[in-house]
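# just the structure for this:
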Amino acid sequence: MASQQFDAATGAHMLGCALFDAGKLPQAQWAFSEGRRFAQHDYRFPAKLAAVQYEMGKYASAIVLIERALSLLGVQSRGPTGQNLYCSLARACLLSKNPKKARVAISQITSEHDRHSLEQSLVIIEAIMTASQNNNQGQGQNLQSLYPDETMWQDVIQRLPKCRARIEDRVPFLPITKRHVRALVDTNSSLLQTDQEDYSFLFVDSGDARDVFATLSSIGCMVEQNQFPSTKHFYFTLVDPHPASFARNLLMFRMLTDWATESQSERHLTEAALAYILASQLLPSWAYGRLQRAMVRVSYELQKDGPLIMGCFCIDKTTRDSISSHLGKWQDHERYPFTTQEIFQMTRWLLSQRVVSDDYNPEVPPEPREVCEPYSLDSLYFRNSNFMLPPWDVVKEIEPEIVNLGREYRSALDDLEYSTGNLNSTRCLDFTPQEVARHLFWYVNPEKEGKLHWGAFDYLVSFFSTTAKWFEKMQGKTTIKMIANDATNVMELAALHLLGNDHPPIPDRYDGIDMNCLPDWVGGPMATFTYGIPILRHDEISTVQAYVSLSRNIWTTQDQFLTEFLLLADRRAISDIFTTTLTERSSCIEAKILSMEEFKEGGEFVMMPEPFNWVRTKNNPISWDKIMPRDELVKWLHMHFLKLCLPPRRNKFDGDFVFMSLNMTAFFRLITHLSRIGYPSHWLSEVLTELHSGQISSQARAPELALATKSEVMRIRPKRDVFIEPFMGEFRTHFAIWNRLLRFGILQNPEITIQQVDTIREYRQRFPSIHDGDVLNIYHPVITLVLWNVSLNGEIPRDGLRQTLLDDEYTDPKYQGISRQIGRVHIISTVKIVTSSMSVSFWFANEPIQNLLSTGDRWEAWLWDINDWTPKFGPARVDRVTLIHGEAWCLSGGR
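Residues are numbered from 1 along each chain as shown. Got it, this is the predicted structure:
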């Protein structure tokens, strides 16, 4: 019997080892478990099972099994086998941030080399854990929480922008997004099947609030039809970086509230004033008078101390004060409002100067027009009701600043030269009332309702009268929270449950999220999946709705769109890594578009005119069979890193409205996401430490094509050494900052030294003052700071900087030193630009900056547009006068 058990154990051990070497870990685990049944006192089986658990990233189980194996070894644990087990035990403890057990294991290691390497990692992890414990004890937090250092998270979110900088225009304005309005809930929503006490919705970059109005109306209609129980409460969270947008929104909500108690004639006035507020840059005196009444009431409400204003709005004090400031400026109107008659007379004069085209037929009722022609529906309606919306020509005459802004904005978006002064419609914004009206209705098509002869005013008034009707019924069931902040910051704070304590409490998990056109500016679907998906309330039911506005004409398939931003060619891999998939409804839309004859024949039909909705598949770690193989993961992460550092050059005039907006923080957020969903920590640790060395052995290359293709991301290249030193100053700085936020410990390479967070400071580089007329309004977040050593490198190559930084098979030998040597150039993607003072702030380790300033070399600073790889500002000298030291990252209290 003993002989049979020995043979069974031996066979199981051999099988398990073969399976382990083949990478079939679940099968190897089964084989070793079977062998352990026949040889319970054989140390090899718990040791081998520990190796399997370690490789799969299950370090707690590996620790228990190693300890069992060591106990079975007894006195033999001082031998080579025991020493290997102690090293494995120490690594598992370090990776799982268990410094106490790690110290005990390291004390048993006799090899000085092994012990020294592990002690380096232990010292850093102990310092991180101590600082985290101090912070969390001060805040009453649990040290074992999912995110161990909440104070550090708040610092990172608020201090480090998630995207590259943009050069902001100096003229503030309130844009209307160019897209059709969509309600987050309709009669086909899966939410109708849930049984919950309340529903919560998030609207990001909600400046014009049209989707909020549409969703309120849709819910109100469904409540009246008993599709939603009347006892439910609805929470709306609106996020916008501009408090001025909320000032306008509150005025519109105030007027919608007043509408419920007004007479019929008063309602007409309110509806007309609302139309002006949303769709026009100019207000006649009577509309401005109605707006003034609303401003007085809203200003009064904002001064109250209660938790809610106007009965349902939750707004923090800082945002209230900012809104009040905007309202005060609007009430102190410097330019007396024009009368309707004056606007009409000016319109007639301007139109008389224009030549009416030969094909104009006043008998054919058009859809809302770009301008009000002499015999258009709007002009005719004006004659009958003393009302007219000002056309674009009037705005050009009266508000030239708005026109200049519009011209610059559209030029920046469309990359076109407007030599004639004629403004084509932008892909991003609606500037005229007629454009706004065209995109208002979310489920009603007025033309199909027999309203073909409507003008822009009719469309606008109908929208607001419908909204007012349903808002009246929904007010007692609705709480609306307004947050003036960057939308991605708010979503990340929500994921961490750090949005603050509201009174009344407002959920930070959402049944529906309207991303608006935000992904265009913050990384496409990468932003949708990493910020939106984690804060959905339900798997398979709650949805994220996202649009494409800047580049919708580029994508012929959804897969092409996803491949460019995610660098994944397989939809299943996307679903596994980001735990998301299209809703059934969006999948049907996608299939329908792909089946259209225009698409099959290679016509001009595009995939992205409509929003696509995504759901979370599950909120748990993924199973091992769905984990990307290690070699593929390393290549994929290297591809992302190289694309962040060296995005492809895109010609301005190719019509490629795709931007590499993400900065270095995106890479560390991707690492954090992979750790959260279950990727082994020692894989991720090794990727980070190899990058930290400034040299990687990789099958990945910096992107060659303007848009990534499936064949490109799947291409297997020969492995070669790639040098990345120009980007290491920023990477090492971020490594020091993010090290405390990672859910795992770093196994430090003894040949590198990871900097401590207390060596990080904020710096501000000044640029020469420039005239307003010389400012290029760059709205896309594509600006990168370049610090260039002229003494070592010579003059910066204005037309070939990317080729200078690139290290691949085709690199010119004369440039190789720049990519391989420290102190030649620093490329910094995570910066903030203050246009008014022309200064750029960034966080950086102190040592490389001091080396830069003390060597006597001549350094220059440049602002570079990395979309087309051209300089925008510079050079500015870099010395102790222009490069100003700011505060240290760690101010006090161990932070």
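# in this protein, which helix is the longest?
Looking across the chain with DSSP state H, the single longest helix is helix 112-138.
# list the buried residues of it.
114-115, 117-122, 124-129, 131-132, 135-136 (16 or more other CB atoms under 10 Å). Every C-beta, even on glycine, is put in place using the N, C-alpha and C of the backbone.
# same question for stretch 808-816.
Buried, per 16+ other CB under 10 Å, within stretch 808-816: 811, 815.
# how far out from the middle of the chain is that stretch?
34 Å (CA atoms, centre = their mean, to the nearest Å).
# which residues touch that stretch?
701-702, 720, 722-723, 803-807, 819 (CB atoms under 8 Å, 6 or more residues apart in numbering).
# can you pull out the strands in the stretch 101-250 of the chain?
176-177, 198-204, 233-240 (DSSP state E, counting those that start in this stretch).
# of the ones you listed, which approaches Val436 most closely?
strand 176-177 (5.2 Å; CB to CB).
# and the residue most central in space within the chain, what is it in contact with?
What sits nearest the mean C-alpha location of the chain, by CA atoms, centre = their mean, is Ala527, with 3.8 Å. By CB under 8 Å, 6+ apart, the residues touching Ala527 are 488, 515, 518-519.
# may I see those residues arranged in a markdown table, with secondary structure and pLDDT as well?
Below are the contacts of Ala527 laid out as a markdown table (DSSP: H, G, I helix; E, B strand; the rest coil; pLDDT from 0 to 100):
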| residue | secondary structure | pLDDT |
| --- | --- | --- |
| Thr488 | helix | 92 |
| Met515 | coil | 89 |
| Leu518 | coil | 80 |
| Pro519 | helix | 80 |
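# just the buried residues from these, in ChimeraX please.
ChimeraX command restricting the contacts of Ala527 to the buried ones, with burial defined by 16+ other CB under 10 Å:
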select :488,515,518,519
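# between the contacts of Ala527, which is nearest Cys221?
Proximity of the contacts of Ala527 to Cys221 (CB to CB) peaks at Met515, which lies at 23.9 Å.
# which non-adjacent residue is nearest the closest one?
Ranked by CB to CB, 6 or more residues apart in numbering and with sequence neighbours excluded, the top spatial neighbour of Met515 is Ala546, at 4.1 Å.
# what's across from the one you found in the sheet?
With DSSP bridges as the criterion, Ala546 is bridged to Phe612.
# hmm, Thr528 and it touching each other?
Yes - using CB atoms under 8 Å as the test, Ala546 is close enough to Thr528 to be in contact (4.7 Å).
# overlap of the contact sets of the two?
515, 519, 614.
# who's in contact with the second one?
Read that as Pro519. Pro519 touches 525, 527-528, 546-548, counting by CB under 8 Å, 6+ apart.
# quick check: chain neighbours aside, which residue is closest to Glu67?
The shortest distance from Glu67 to any non-neighbouring residue, by CB to CB, 6+ apart, is to Leu89 (7.1 Å).
# I'd say that neighbour and Ala105 touch.
Yes - counting by CB under 8 Å, Leu89 touches Ala105, with 4.3 Å between them.
# just name the closest of the shared contacts of Ala546 and Thr528 to Ile746, please.
For the shared contacts of Ala546 and Thr528, the nearest to Ile746 is Pro519 (31.4 Å; CB to CB).
# okay, helices next: where are they in the stretch 651-800 of the chain?
664-677, 681-692, 710-714, 728-738, 790-793 (DSSP state H, counting those that start in this stretch).
# comparing those helices, which comes out most buried?
helix 728-738 (a mean of 23; mean count of other CB atoms under 10 Å).
# before we move on, back to that, what's the per-residue pLDDT of the residue nearest to Met515 here?
What the model reports as pLDDT for Ala546 is 88.
# that one: how many residues sit nearby?
24 (other CB atoms under 10 Å).
# next: the one 10 residues further on.
For Thr556, the number of neighbouring residues by other CB under 10 Å comes to 18.
# returning to that earlier point: now render the contacts of Pro519 as JSON lines, adding distance to Trp843.
Listed next are these as JSON lines, based on distance: CB to CB, whole Å:
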{"residue": "Pro525", "distance to Trp843": "28"}
{"residue": "Ala527", "distance to Trp843": "22"}
{"residue": "Thr528", "distance to Trp843": "27"}
{"residue": "Ala546", "distance to Trp843": "30"}
{"residue": "Tyr547", "distance to Trp843": "32"}
{"residue": "Val548", "distance to Trp843": "32"}
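# next structured bit after the helix or strand containing Leu562?
In this structure, Leu562 is located in helix 558-566 according to DSSP states H and E. Remark: after helix 558-566, the chain's next helix or strand is helix 571-578, criterion DSSP H and E.
# taking helix 664-677 as reference, get the angle to that next one.
90 degrees (axes from the mean of the first three to the mean of the last three CA atoms, to 10 degrees).
# quick one: buried residues of helix 571-578?
Quick answer for helix 571-578 (16+ other CB under 10 Å): 574-578.
# kindly indicate which of those lies nearest Ser685.
Checking the buried residues of helix 571-578 one by one against Ser685 (CB to CB), the nearest turns out to be Ile577, at 18.7 Å.
# and Lys97, what is it in contact with?
Applying CB under 8 Å, 6+ apart, the residues contacting Lys97 are 125, 128-129, 148, 743-745.
# swap in 6 Å and give it another go.
Lys97 sits next to Gly745 when contact means CB atoms under 6 Å, 6 or more residues apart in numbering.
# try Thr689
So Thr689 contacts Asn749 (CB under 6 Å, 6+ apart).
# hmm, who's touching stretch 38-55?
5, 8-9, 16, 25, 28-29, 32, 35-36, 61-62, 65-66, 68-69, 72-73, 92.
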